[in-house]
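Colleague: Based on what follows, work out the 3D shape:
(2 chains)
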Amino acid sequence: MGRSPYVALALMLAGCSLMTPSRDRCDSSAECRSTFGAGFYCAPDNGLCESSLSPICPEIYPATAADDPEAIVFGTIFDRSSPNQQARGLAARLAVDGLNERSGIDGRPVALLECDSREGMAGMAADRLVEVGVTNLIGPSASSDVESVFQRHREAGIFIVSPAATAATLADIDTRRPGRLWRTAPPDDLQALAVEDALRAESITTISVIAKQNDTYAQGLSLRVRDLAGPAGITVVESVAYATPDDIASAATDALGASAPPETVIFLSSQVAEAAAFLDATASISGYDGVSILFTDAAANGDLFVMTTDGAARFGQVFATRPSAPDTIVTEEFDSNFEAAFGDSPFPFSFAAHTYDATVLVLLGAGFSLGDRGEVTADGIAQGILRMSNIGQAETRLVGTSFIPVIEQIRASGDTVNVVGASGPLDFDPTTEELTSATYDLLSISGMSFAIDRTITVPPP
Amino acid sequence: MRLLFAACLAVAALAPTSARAQFTSNAADQRALQLYEQGDQAYAEGRYEEAANSFVAAYRLSPRPLLLYNLANAYERLGRYQEAVQSLEQYLPDAPIDERAVIETRIRNLRTRLTGGEPAQTAETAGTQTAPAQTSSGGGGGGDGLLIAGIVLAATGGALVGGGAVFGVLALDAQSSLQGSDGACRETAGGRTLCTDGSDGAFSDAETYALLADIGLIGGGVIAAAGVVLILIGATSGSASGDAAWLPDVRVGPDGASAGVVGRF
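Modeller: This is a model prediction of the structure:
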C-alpha cells in the first residue's frame, strides 16, 4: 500500500478544488463597469456586480453601453413625466450621439444613466447615482434640487452641471476652485436684469411679488427683482411668500394689496405646476382683471398649457422671461439635429439648448481629464471646462465636427479655446465660474404657445 | 480440500467406537481394552501423546487393526505424520473396502505435509481436540466474510466515485457556463473573478454539484479503498488456508474501466 492512498486522496482533493466554483467580491463600481459594462455597479451588500438600472434610473443611453466595458457613463436627472424636461433628456442624448458618431473619447463610447426627478425625487435619483458610482451629472433642473443634491453628496465627489438652475445663491455654495457645481443656465442676477428691462419697457411702476418659501430659485430671484425695483423707480406693493400649493390662492389675493392693486404680479416658483395653480386661482379673483402676470423661466414652457385649467382665461395677461438661444450656426445645428432625431423642434421647451451645452461641456471635459489624468475625475472635467472658456480667444463653435478637435486642443499643454454653444457663448468668469452674460426672450402667450416678443441681452452690450 | 479434511475428522471421530467392538474377554484383551479406553479418553481430551502411548500398548497386547487407525489419528494430531502414515499403511489391508480410498487419500495428504507443505502441528498449539480443525475451518470462513464485505464496500465506493465524477462534470460545466464570454462571471484585468447577480442560480448549482462531487469522490474513494483492503486481507487469508485465492482485478481500456475481484474456490 505505501503512500499510494495519500497520493490518490491528494489528487482527488485537487480535482475537487478545481470543480468548486469561486468568485471574488467586487471592490468598486468602476471595477464592475470595466468588467461587465457601463450598466453595472458594485453592490456592497453581496459583492456582486448588479445592474445600475432601477425604477428611479430606468434607462441607459445608448442601450448598448450597458454591456460595454469601454463605455464611460455619466448621469442625468430630469423629470421624465414633464414634456419640457423630456426635451432636456433628448438634448443630452443628442450630445452623446454627436460624440459617439466620432468614436467617442479615445475610441471609448460615452453613455448616460438616465434618472427621474418627478414628484420631488431628484434627491433619491442622486442618491441612486452616487450608490452606483456615477457622480458626474447633468441636472437636476430646479435650483433647490441642485443645492440639496450638491450639499448632500459633495463629500462623495459629485460633479454637477445644471442646465436650468438659475438661483443666484448657488454661486455661494461651492467654494472649491475649480468648482464642482456648474451651470449653463445664466444666474438669476442676469434674469433679474431682464425682468427689470421688461418692466421698464412696459412702463410698469407698481408690482407685487409672490415667491415660494424654501425655494432657492424663487426666493433668490424675488430678492434680486425687489432690489432692482427701487432704483428703477418701481414700487413693490406686496411681497408674499407661500408655503404649500394649498396656500397659493390666498397668496394670490394678498398680492393685490389692501388698496390699489399693482400693475403687475410676478409669480416665482421652480415648479411649473404651481404657476398653473396660481393662474387657476386668479381665474375667480376679479381683482386680477387688468393686472398683468409675469412668469420667469421656470414657468415659461409648454407644461404650463397642459397643467392650467380655469386659469387659461388669464393667458392673454401673461408675459414671461426665459433664457434664449442666440441665432448662431451652433443653435441652428442643434435645432436641426434635434428635429431630425426626434421629430420636434426644441424651441417650445426651455433650457433644451442649455442641456445640450451642459452635456457637451461634461463630455469634452471628460475627454480632457482622460488624456490629462488617465481617468475621468470631477476636477479633471472642471479643468477641461475652464480650458474651453478663455474669453480672450477667438470663438470656437461647439458643433459636432469640432468635438474631437476641441478635446485635442485643450489636452495640449497650456492651450485653451473659447467655445460658443447652442445656448450662446459659454463664457465662464474664471473667478466665480458663472456665465458672464446672457440673452433672454420676452414672451407672451399666443393661443396655446409662447411667442417671442423681443430679445433682451444682459448686461446691455 | 476442506471437505475432505472434515470427512477425515468424521472418520476419526467414529474410529474409537469401532475399535472397542473388536476386543474379547481374555485377560490380555481386557487389558488392551482398558488401555484403549484410556487412550480414547485421552484423545477426546486432547492429550494425544498419552493417547498414542495407550493405543501402542493396547496394540502390543492385542493387535487389533483398528487400533492402528486410532494410533494414526493421534500421531497426526501430534504432527508425527511419518508415524501416522506408517500406522495407516499398516491398517490399510485390514480396512473395509469402502473406506480404503478415503484412507489412501489421507495417506497422500499426510505425505504432502511431510514433503514441505503445512508446518507440523505441535502439541502445545493443539489445546483441544476440535480446536485445530475449527481454526483451520474458521480461518477460511473469516476470509469469506472479509471478502464479501470488501466487495460490497468496493462496489459501493466505486458507485459513489462514479456519481462524484458525474457531478464533477456537471460542476465544471456549470462553472464554464458562468465564465464564458456571455457568462455571469468574468475575469478582471487583475485576475479576479467578478460575477453579476445573474450568476446566483448557476453558481448555486455549481456549488451543489461540486459538493456532491466532493462527497462522491472523497467518500466513495475512501469506501472503495477500504473495500479493496478488505478484499486483499480476505484473499490473503484464503490463500494462507490453501483453500482459496482472491485478487483485485482493475481494468482500464478505451471503452471504460471496471473493477472487481477474481479468485478460485
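
Colleague: what about residue A:430, is that helix, strand or coil?
Modeller: Here residue A:430 is coil, with the state taken from DSSP: H, G, I helix; E, B strand; the rest coil.

Colleague: sorry, that was for residue A:452
Modeller: strand.

Colleague: what's the burial count for residue 231?
Modeller: I'll assume chain A. By other CB atoms under 10 Å in any protein chain shown, 8 other residues sit near residue A:231. Just so you know, the C-beta spots here come from the backbone N, C-alpha and C atoms, and that holds for glycine as well.

Colleague: hm, I was asking about chain B
Modeller: When counting by other CB under 10 Å, one arrives at 25 neighbours for residue B:231.

Colleague: shaky segments in the chain?
Modeller: Here I'm looking at chain A. Within chain A, the stretches with pLDDT under 70 are A:1-19, A:461.

Colleague: That was the other one, I meant chain B.
Modeller: B:1-25, B:116-143, B:180-182, B:237-265.

Colleague: remind me, longest helix of it?
Modeller: Using DSSP state H, we find that the single longest helix of chain B is helix B:131-179.

Colleague: mind checking which helix or strand the closest residue to residue A:129 other than its chain neighbours is in?
Modeller: Among residues not flanking residue A:129 along the chain, residue A:75 sits closest, at 4.2 Å (CB to CB, 6 or more residues apart in numbering or on different chains). Element membership for residue A:75, per DSSP states H and E: strand A:72-78.

Colleague: now do residue A:209
Modeller: strand A:206-212.

Colleague: Next, the angle from the following helix or strand past that strand to strand A:206-212.
Modeller: Per DSSP H and E, the first helix or strand lying C-terminal to strand A:206-212 is helix A:216-229. Here the directions of helix A:216-229 and strand A:206-212 differ by 160 degrees (axes from the mean of the first three to the mean of the last three CA atoms, to 10 degrees).

Colleague: then helix A:216-229 to PDB, C-alphas only?
Modeller: Output in PDB follows, covering the C-alpha atoms of helix A:216-229 (Å, rounded to 0.1, in the frame of the first residue of the first chain):
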ATOM      1  CA  THR A 216     -33.900  78.600  -3.600                       C
ATOM      2  CA  TYR A 217     -34.800  79.800  -7.100                       C
ATOM      3  CA  ALA A 218     -37.900  81.700  -6.100                       C
ATOM      4  CA  GLN A 219     -36.600  83.400  -3.100                       C
ATOM      5  CA  GLY A 220     -33.300  84.300  -4.700                       C
ATOM      6  CA  LEU A 221     -34.900  85.800  -7.800                       C
ATOM      7  CA  SER A 222     -37.600  87.600  -5.700                       C
ATOM      8  CA  LEU A 223     -34.800  89.200  -3.700                       C
ATOM      9  CA  ARG A 224     -32.900  90.300  -6.800                       C
ATOM     10  CA  VAL A 225     -36.000  91.700  -8.500                       C
ATOM     11  CA  ARG A 226     -37.100  93.700  -5.400                       C
ATOM     12  CA  ASP A 227     -33.500  95.000  -5.000                       C
ATOM     13  CA  LEU A 228     -33.600  96.300  -8.600                       C
ATOM     14  CA  ALA A 229     -37.100  97.700  -8.400                       C
END
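
Colleague: would you list every one of the helices in the stretch 1-150 of chain A?
Modeller: Here the stretch 1-150 of chain A has its helices, by DSSP state H, counting those that start in this stretch, at A:4-19, A:29-36, A:83-100, A:122-131, A:143-153.

Colleague: what would these look like in CSV with mean neighbour count?
Modeller: As requested, these are exported to CSV (neighbours: other CB atoms under 10 Å in any protein chain shown):
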stretch, mean neighbour count
helix A:4-19, 14
helix A:29-36, 23
helix A:83-100, 23
helix A:122-131, 22
helix A:143-153, 22
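
Colleague: Of all those helices, which one is nearest residue A:358?
Modeller: For these, proximity to residue A:358 was assessed by CB to CB; helix A:83-100 is nearest, at 7.7 Å.

Colleague: Show me what the closest one is packed against.
Modeller: strand A:72-78, strand A:110-116, helix A:303-307, helix A:329-342, helix A:352-373 (3 or more CB pairs under 8 Å, 6 or more residues apart in numbering or on different chains; DSSP states H and E).
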